[in-house]
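*Asks:* What follows is a protein structure lacking sequence information:
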């Protein structure tokens with residue numbers, strides 16, 4: 001269990017399968033709607049990347065070489081995946097793998113950590129965080145690893161958690177100033193202009209901002225005195241609204257693909273378990289999707305917004321399930337082997353199409 005907890009700290013900021021699965025070059029094609037990537041130690045002590053169909057079938061270890069992987073991300077077209085890996089004497093770096101032929105390409109090469117890779121909506125660029133200059137800074141590189149450059153000219157903030165806007169022109173991220181803590185910021189990529197857009201002056205921290213599908217709003221959590229509340233605001237920092245209240249911790253908010261609902265995790269009071277919840281985008285109609293004794297570790301929308309994939313802590317470890325938005329049709333996708341974590345759904349094509357119509 002110690003190795004599981006260690007890996008959770010590294011990668012988490014969501015029947016009847018063979019215990020040891022051999023790697024093979026690919027499934028039939030690049031990722032399709034709701035195909036999943038996830039990490040698991042089902043083949044031994046290492047947490048490695050796997051892919052599977054949305055019904056839990058066709059499970060396959062993704063990489064040809066054995067090795068523990070951390071963060072990962074689908075390309076928008078489902079043809080490639082990014083992942084991070086730490087190797088002795090070679091630091092933590094970012095790699096890509098083709099889902100067609102299994103070819104792996106190293107995109108960064110630094111002894112100091114490179115982390116948190118995120119694709120641009122067109123798949124041509126990658127945002128990431130690097131400590132190559134001593135402090136954590138935002139960088140962008142081409143999809144093949146070429147032309148790395150700083151996003152901002154900030155000289156005092158650590159920068160982390162970058163996410164492209166739906167139009168690919170801006171990055172939302174967190175700026176960390178010692179006197180103020182983590183605050184939501186937005187950078188314009190072409191001009192390097194950046195601004196801390198959150199006017200929160202309390203002694204609190206903010207979490208990774210998530211763009212609404214139409215690019216007009218940002219969703220994040222504000223943590224104060226160990227209580228986290230979900231907040232939404234316009235991308236320029238105006239029209240700030242707290243969506244949740246009370247003594248529960250509300251975290252990991254995600255917009256539905258059509259922007260009308262928000263999926264999130266909640267931990268009531270001093271409880272240790274996290275519940276899976278939905279509410280309307282204005283904060284109304286909050287409801288749980290699972291029984292009170294459930295303990296959800298991460299969750300993500302399906303591409304069409306009709307189902308939710310999540311990891312629940314069970315007696316035999318983390319297991320991947322899916323459920324519809326009415327709390328019906330629960331399906332277990334994991335077998336009994338190992339600890340499965342952090343399912344990521346392919347692909348963003350439908351979400352981008354929905355955003356373009358709103």
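*Replies:* Structure's in. What do you need? Everything quoted here is computed from the prediction, not taken from an experiment.
*Asks:* count of neighbours near residue 277?
*Replies:* Using other C-beta atoms under 10 Å, residue 277 is surrounded by 21 other residues. (Glycine included, C-beta is placed from N, CA and C.)
*Asks:* Is it within a helix or a strand, and which one?
*Replies:* strand 275-280 (DSSP states H and E).
*Asks:* my guess is residue 66 is in a helix, correct?
*Replies:* No - going by DSSP: H, G, I helix; E, B strand; the rest coil, the assignment for residue 66 is coil, not a helix.
*Asks:* contact partners of the strand holding residue 277?
*Replies:* Applying C-beta atoms under 8 Å, 6 or more residues apart in numbering, the contact partners of strand 275-280 are 243-244, 260-268, 285-290, 292, 294, 296, 299, 308, 310, 323, 325.
*Asks:* Would you mind listing where the stretch 151-300 of the chain has pLDDT under the threshold?
*Replies:* Across the stretch 151-300 of the chain, residues meeting the criterion (pLDDT under 70) sit at 200.
*Asks:* can you do 90?
*Replies:* Where the stretch 151-300 of the chain drops to pLDDT under 90, the residues are 153-157, 176-181, 192, 198-205, 224-227, 246-252, 268-273, 292-293.
*Asks:* List the contacts of residue 302.
*Replies:* 33, 34, 54, 308, 309, 322, 345.
*Asks:* isn't residue 327 right up against residue 307?
*Replies:* No - using C-beta atoms under 8 Å, residue 327 is not in contact with residue 307, being 11.2 Å away.
*Asks:* Which of those two has more residues huddled nearby?
*Replies:* Neighbours per residue (other C-beta under 10 Å) separate residue 327 from residue 307, with residue 307 holding more: 19 against 15.
*Asks:* give me every residue that touches the nearest residue to residue 324 once chain neighbours are set aside.
*Replies:* Leaving aside its sequence neighbours, residue 324 sits nearest to residue 307 (C-beta to C-beta, 6 or more residues apart in numbering; 5.3 Å). Contact partners of residue 307, counting by C-beta under 8 Å, 6+ apart, are 34, 301, 322, 323, 324, 325, 329.
*Asks:* how deep is the nearest residue to residue 142 once chain neighbours are set aside tucked in, by neighbour count?
*Replies:* Leaving aside its chain neighbours, residue 142 sits nearest to residue 125 (6.2 Å; criterion: C-beta to C-beta, 6+ apart). Close neighbours of residue 125, defined as other C-beta under 10 Å, add up to 17.
*Asks:* and the gap between residue 125 and residue 146?
*Replies:* 10 Å (C-beta to C-beta, to the nearest Å).
*Asks:* thinking again about what came up before, which members of the contacts of strand 275-280 are classed as buried?
*Replies:* 243-244, 261-267, 286, 289-290, 294, 296, 299, 308, 310, 323, 325 (16 or more other C-beta atoms under 10 Å).
*Asks:* residue contacts, the residue nearest to residue 142?
*Replies:* Neighbouring residues of residue 125 by C-beta under 8 Å, 6+ apart: 119, 140, 141, 142, 143, 168.
*Asks:* please redo it, this time with the cut-off set to 10 Å
*Replies:* Residues counted as contacts of residue 125 (C-beta atoms under 10 Å, 6 or more residues apart in numbering) are 118, 119, 140, 141, 142, 143, 147, 164, 168, 189.
*Asks:* All set now, cheers.
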